[in-house]
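>>> below is the sequence, then the predicted model.
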Amino acid sequence: IDSLYAPGSFCRDMKDHYRQTILTIFLSCAQQFCGHSNVLNFAPELFSRAGFGSKSLLTSTLLLGGIKFIITVIVIWKIEVVGRRFLLLTGMSIITVSLLLLTVAFHGDNVNTTLAFVGSVGVVMGYAGSFGPLTWLLTSEMFATSIRGRSLGLSTVTTYICASMVAYLILSDHNLTDQVVPFSVYFLITLLSTVFAALSIPETRGKCPDEIEWEMETMWIWRKRYN
């Protein structure tokens, strides 16, 4: 039993399931570098400029929190009907478009508050419908029970590392008027991530890990590169 939890055993398991491991790391990184944290960080100031005045902090907290709650409930309610892949790609696409709006909004000397407001809400909606509930679910469904816990641990560690990097970038330049560059980078990363997800992540609904792995082997990106 002890051999199952040895460091060498973990490395072998991850190597044997390299496709799933790559996707686990990818999802953990992509969910942090989509700009979600940055949007929440500047939401009160954005809402203040949009005309909410002194109540901008309370308004942004209640509005964005309410949106995340409603979208998450809908995802949980309909996930077995709609499917994981559709929800993930739809949410990532919404984030991508919203980041483009934010990039345009912050371009120039004056912030376009309307585009910034719509973009901020869009990022939160897209995140709540994709990365928020699906990163951990997809990770757990791709791996067999014997290594599922360690794969989730890998996902958690990767998430914390990426979150620390994003937090450092935000705190190192806490200036609303200079956000066009970060939002542009987030947009490009999320755009490429959406394309990669569309090419590499199969539908996992109602499938065992072996069926998921078999379907991954038939996908162009894995077959072309590794087989």
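Cool, the structure landed.

>>> contacts, neighbours, all on C-alpha from now
OK.

>>> same question for the host helix or strand of Arg85: list its buried residues.
Per DSSP states H and E: Arg85 is located in helix 84-105. Residues 84-85, 87-105 are the ones in helix 84-105 that count as buried (16 or more other CA atoms under 10 Å).

>>> list the contacts of the residue positioned nearest the centre of the chain.
Centre of the chain computed as the mean C-alpha position; nearest residue by CA atoms, centre = their mean is Gln31, 2.4 Å away. Neighbour list for Gln31: 127, 131-132, 135 [criterion: CA atoms under 8 Å, 6 or more residues apart in numbering].

>>> among the residues you listed, who's most crowded?
Tyr127 (26 neighbours; other CA atoms under 10 Å).

>>> what's the closest non-adjacent residue to that residue?
Gly91 (6.2 Å; CA to CA, 6 or more residues apart in numbering).

>>> you'd agree the one you found is up against Gly126?
Yes - using CA atoms under 8 Å, Gly91 is in contact with Gly126, at 4.1 Å.

>>> pLDDT score assigned to Leu87?
With respect to pLDDT, Leu87 has a value of 92.

>>> shouldn't it be in contact with Gly129?
Yes - the criterion here is CA under 8 Å, and Leu87 meets it with Gly129 at 6.4 Å.

>>> find the residues that touch each one of these two.
Counting by CA under 8 Å, 6+ apart, the residues touching both Leu87 and Gly129 are Val75.

>>> pLDDT weak spots in this protein?
By pLDDT under 70, the weakly predicted segments of the chain are 1-10, 13-14, 46-47, 49-59, 169-179, 224-227.

>>> the helices in it, which residues?
In the chain, the helices defined using DSSP state H lie at 7-16, 18-32, 36-47, 56-82, 84-105, 113-129, 131-142, 145-172, 180-200, 209-218, 220-226.

>>> packing partners for the fifth one?
Which is helix 84-105. Where contact means 3 or more CA pairs under 8 Å, 6 or more residues apart in numbering; DSSP states H and E, helix 84-105 is packed against helix 113-129, helix 131-142, helix 180-200.

>>> who's in contact with the first one?
If you take CA under 8 Å, 6+ apart as the criterion, helix 113-129 is touched by 31, 35-36, 39-40, 43, 46-47, 49-50, 64, 67-69, 71-72, 75, 87-88, 90-102, 104-106.

>>> what comes up buried for that helix?
Here helix 113-129 shows 113-117, 119-129 as buried, counting by 16+ other CA under 10 Å.

>>> nearest to Ala163, of these?
Tyr127 (14.8 Å; CA to CA).

>>> how far away is the closest one from Thr194?
Counting by CA to CA, to the nearest Å, the separation of Tyr127 from Thr194 is 13 Å.

>>> which residues are in contact with each of these two?
Looking at what touches both Tyr127 and Thr194 (by CA under 8 Å, 6+ apart), the common residues are Met92.

>>> in stretch 160-169, what counts as buried?
Counting neighbours by 16+ other CA under 10 Å, stretch 160-169 gives 162-163, 166 as buried.
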